[in-house]
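Trainee: coords below, sequence missing:
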């Protein structure tokens with residue numbers, strides 16, 4: 001009986017298959033977008049069209065949600081301003097810089113830097129003093145060590161190219177590329193992608209706090225997409241002044257915009273939410289380093305990229321640092337839950353610390369990316 005429960009198709013196998021498919025689809029879409037931007041589409045153009053179409057897809061569901069849920073929280077000006085800030089960090093800053101970084105570097109580089117998210121969130125939490133570094137605590141040491149490893153791996157990925165270990169058309173001087181030999185555009189793309197990931201982590205912290213204050217996720221998502229799209233449209237004359245760049249050519253450009261909008265709004269969010277409900281918040285993050293492998297394969301097969309030794313070494317260090325940091329987070333959560341369970345025995349006594357421990361847990365949860 002226990003063996004059947006352990007290998008349940010719906011509870012164990014299907015979530016794994018779903019997350020693996022999402023990882024492959026994420027990298028496939030990013031590879032298509034990279035190819036389209038290489039043909040001349042700007043990052044701001046793709047972000048505006050992609051989010052505008054996504055907002056129109058969400059509109060009928062939002063209207064139906066308003067009609068059916070009459071007891072939803074009221075929309076006040078402070079809440080709407082919070083949605084505006086979410087759109088600023090999540091779309092105007094994160095998405096525009098993210099696709100700009102991919103345009104200058106590659107999906108492989110972007111997927112490697114994306115694995116810095118837990119480490120960046122940890123550093124942000126330390127800066128705002130919601131997280132403390134205690135060298136006597138193994139979980140704290142693991143998070144710090146994992147952050148340092150992930151950052152070091154990203155630096156290797158960015159600055160060290162090394163010889164080509166797999167390429168469709170071998171280069172005669174590939175054996176001599178053993179120093180800091182990445183082009184300037186690659187380094188610039190890495191820095192822009194790193195900035196976008198930082199804004200993305202800030203967005204996650206703000207989104208978690210907003211969700212607790214306004215527990216209506218469908219309303220949050222709609223207004224966040226709406227405000228982010230409007231902000232990008234307002235900024236577009238200063239970023240992309242070429243009118244021809246706004247004309248979508250039939251083919252890959254239209255496919256990238258339509259697939260991106262439909263996949264992000266109708267498929268990815270729902271499937272990922274179902275998986276997290278089945279397996280918990282750590283489950284989805286465990287597969288993040290796999291995106292590097294998928295991005296490498298698609299980059300070589302579709303974009304014709306070369307695979308360099310520096311990329312392999314850097315990606316390996318990033319993945320090791322990611323899992324080290326995740327282990328520290330899991331261990332710290334287990335300790336916090338043990339403390340909460342112990343406090344349940346004295347929760348009826350004056351001066352109980354149950355509320356304080358719960359507040360600590362919620363603040364740590366909101367700081368995770």
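Mentor: Arrived safely. Not measured: the values here are computed from a predicted model.

Trainee: Nearest residue to the middle of this structure?
Mentor: To find the centre residue of the chain, average its C-alpha atoms and take the closest one (C-alpha atoms, centre = their mean): that gives residue 114, at 6.2 Å.

Trainee: give me every residue that touches that one.
Mentor: When contacts are counted by C-beta atoms under 8 Å, 6 or more residues apart in numbering, residue 114 touches 193, 197, 288, 291. C-beta: built from backbone N, CA, C; applies to glycine.

Trainee: Same question for residue 254.
Mentor: Residues touching residue 254, when contacts are defined by C-beta under 8 Å, 6+ apart, comprise residue 248.

Trainee: helix or strand for it, which one?
Mentor: With elements delineated by DSSP states H and E, residue 254 resides in helix 252-262, which encompasses its position.

Trainee: same check, this time on residue 40
Mentor: When the helices and strands are read off by DSSP H and E, none of them contains residue 40.

Trainee: so it makes contact with residue 246?
Mentor: No. With contact defined as C-beta atoms under 8 Å, residue 40 does not count as touching residue 246 (11.4 Å).

Trainee: any idea of the mean pLDDT for the helix holding residue 254?
Mentor: The average pLDDT for helix 252-262 rounds to 87.

Trainee: again with stretch 86-100
Mentor: Averaging the model's pLDDT scores along stretch 86-100 yields 90.

Trainee: What is the end-to-end distance of it?
Mentor: Taking C-alpha to C-alpha, to the nearest Å, stretch 86-100 runs 20 Å from one end to the other.

Trainee: mind listing what's buried in that stretch?
Mentor: Neighbour counts using 16 or more other C-beta atoms under 10 Å place 86-100 of stretch 86-100 among the buried residues.

Trainee: repeat for stretch 15-23
Mentor: Buried residues in stretch 15-23, defined by neighbour count with 16+ other C-beta under 10 Å: 15, 18, 19, 22, 23.

Trainee: Now, the buried residues of stretch 86-100 that are in strands?
Mentor: Taking DSSP state E as the definition of strands, these contribute nothing to them.

Trainee: For these, which two are the farthest from each other?
Mentor: The largest distance within the buried residues of stretch 86-100, taken as C-beta to C-beta, falls between 86 and 100 and amounts to 20.2 Å.

Trainee: residue ranges for the strands of the stretch 101-250 of the chain, please.
Mentor: Counting by DSSP state E, counting those that start in this stretch, residue ranges of the strands within the stretch 101-250 of the chain are 164-166.
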